[in-house]
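S.K.: Provided below for reference: sequence and predicted model.
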Amino acid sequence: MDSSSEVPDYGLTTTFNYDDIPAPVQKTAVKTFTSQFVPPLYSLVFIFGLLGNALVVLILIRYKKLKSMTDIYLLNLAISDLLFIFSLPFWAYYAAHEWIFGDAMCKILSGIYCAGFYSGSFFIILLTIDRYLAIVHAVFSLKARTIAYGTLTSVITWVVAFLASVPAFTFHHVQKQVESNKCTIHYPSRNGHGWKQFLTLLMVILGLAIPSVIIVFCYMQIIKILIKGRNERKLKAVKLISVIMIVYFLLWMPYNITLLVQTYQDSFFSCDFDNDCEGKLTLAIEVTEIIAMIHCCINPVIYAFVGEKFRKYLSDFSKKYVVAHFCRLCPGRDHPNLERSTSSYMSTTEQDISMGL
């Protein structure tokens, strides 16, 4: 991208390769958007994403004690979101100024950004399969949904996510462009356009296509089981499942479609540079990418805080630490025992159904 605000390319990027066009393209709208709107938007995503996911990690470790496969996956999903947003302050500064953090940080942060994206998609898949087993194959799930299997699959997932992010580590470099340093992706000189197409397809397939197929299949099966039960609590879970699917598709699909159109624009239409076609596509990617980023802020809500026990733990945490901190003159405050037995709650499978977990 022409401005000094590019974030890592190939799927999670807005970088524009000037070698591909015959003449400079004026992209005033892109420059204005990236320099004035991207930094505060990134900052908001960072603040709310950090707060929400940090609370999820705290509750899962401190109160839930990671007693199930679901807890393991929720923890890893929160960590992947934290990993994803860790680089946002750097990209926010970059959007308003230039890259000042060096070549090594350019590679590392680009790779972290990419790994956070892939791992987030993968753990959403694992959570979907976990719910599918808990509800559709409840008996089999007693053996399959163990902490050991959850830990093993989580490790494998992280390995795959980082392997998929190797190109981001490898191809990103700092380069001087128009008297400013830019952290951009530089494909190999030989068949560079082919690399761009391949990596874009990889991102779309791993980040959207495969998750979409698995989510739709699993939740369709789940909905069939829940509707047959004619249980009010189960019907609430159907609504929650619908929200999860709709939110995921609404936030990520626009970005993936826009990226495909930009990468394969020659197959869709002939880009007239006099009309700043490339600039419009770049602006569209900027906007849809920020929309997709919001997902890491919503994850704590749709995967955790909508659950009855999570709300209870959060309430108890607030009473014990937050309220107590601001109300030191209230002796004898009754703080619930957060570690007490939860025998009054439903069974693990019933909790999974009612909470969508």
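M.R.: Arrived safely. Residues are numbered from 1 along each chain as shown.

S.K.: burial count for the closest residue to Leu133 other than its chain neighbours?
M.R.: Spatial nearest neighbour of Leu133, excluding adjacent residues (CB to CB, 6 or more residues apart in numbering): Ser141 at 4.1 Å. Just so you know, the C-beta spots here come from the backbone N, C-alpha and C atoms, and that holds for glycine as well. Neighbours of Ser141 under the rule other CB atoms under 10 Å: 20.

S.K.: Could I get the full set of helices for the stretch 51-200 of the chain?
M.R.: 69-86, 88-96, 102-136, 138-144, 147-164, 166-171, 192-204 (DSSP state H, counting those that start in this stretch).

S.K.: sorry, back to before: and the gap between the residue nearest to Leu133 and Thr70?
M.R.: To Thr70, Ser141 is 10 Å away according to CB to CB, to the nearest Å.

S.K.: Find the residues that touch each one of those two.
M.R.: Ala134 (CB atoms under 8 Å, 6 or more residues apart in numbering).

S.K.: Compute the inter-axis angle for the strand or helix carrying Ile227 and helix 192-204.
M.R.: Taking DSSP states H and E as the definition, one finds Ile227 inside helix 210-229. Inter-element angle recorded for helix 210-229 and helix 192-204: 20 degrees (by axes from the mean of the first three to the mean of the last three CA atoms, to 10 degrees).

S.K.: Give the closest residue to Pro300 in space, chain neighbours not counted.
M.R.: Nearest to Pro300 is Gly52, by CB to CB, 6+ apart, at 3.6 Å.

S.K.: coming back round to it: could the helices of the stretch 51-200 of the chain be laid out in CSV, adding mean pLDDT and distance to Ile47?
M.R.: As requested, these are exported to CSV (pLDDT from 0 to 100; distance: least, CB to CB, whole Å):
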stretch, mean pLDDT, distance to Ile47
helix 69-86, 89, 9
helix 88-96, 89, 10
helix 102-136, 90, 17
helix 138-144, 85, 37
helix 147-164, 94, 24
helix 166-171, 91, 25
helix 192-204, 86, 26
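
S.K.: So which of the ones you listed is nearest Val301?
M.R.: Proximity to Val301 (CB to CB) singles out helix 69-86 among those, at 11.7 Å.

S.K.: can you give me how far that closest one is from the chain middle?
M.R.: What separates the centre of helix 69-86 from the centre of its chain is 9 Å, taken as CA atoms, centre = their mean, to the nearest Å.

S.K.: Pull out the buried residues from stretch 196-209.
M.R.: Neighbour counts over stretch 196-209 (16 or more other CB atoms under 10 Å) mark 196-197, 199-200, 203-204, 206-208 as buried.

S.K.: cool, stretch 220-231 as well?
M.R.: Here stretch 220-231 shows 222-223, 226 as buried, counting by 16+ other CB under 10 Å.

S.K.: any idea which of those is least confident?
M.R.: Of all those, Leu226 has the smallest pLDDT value, namely 79.

S.K.: ok so, going back, so for Ile214, which of the helices of the stretch 51-200 of the chain sits nearest?
M.R.: helix 102-136 (5.3 Å).

S.K.: tell me the mean pLDDT for the strand or helix carrying Lys312?
M.R.: Using DSSP H and E, Lys312 sits within helix 308-317. The pLDDT scores in helix 308-317 average 73.

S.K.: so what does it touch, helix or strand wise?
M.R.: helix 38-59, helix 348-355 (3 or more CB pairs under 8 Å, 6 or more residues apart in numbering; DSSP states H and E).

S.K.: Show me the contact partners of the longest one.
M.R.: Spelled out, that is helix 38-59. Contacts for helix 38-59 (CB under 8 Å, 6+ apart): 5, 74-75, 78-79, 81-82, 84-85, 88-89, 91-93, 95-96, 286, 290, 293-294, 296-297, 299-301, 303-305, 310, 313-314, 317.

S.K.: Good, wrapping up.
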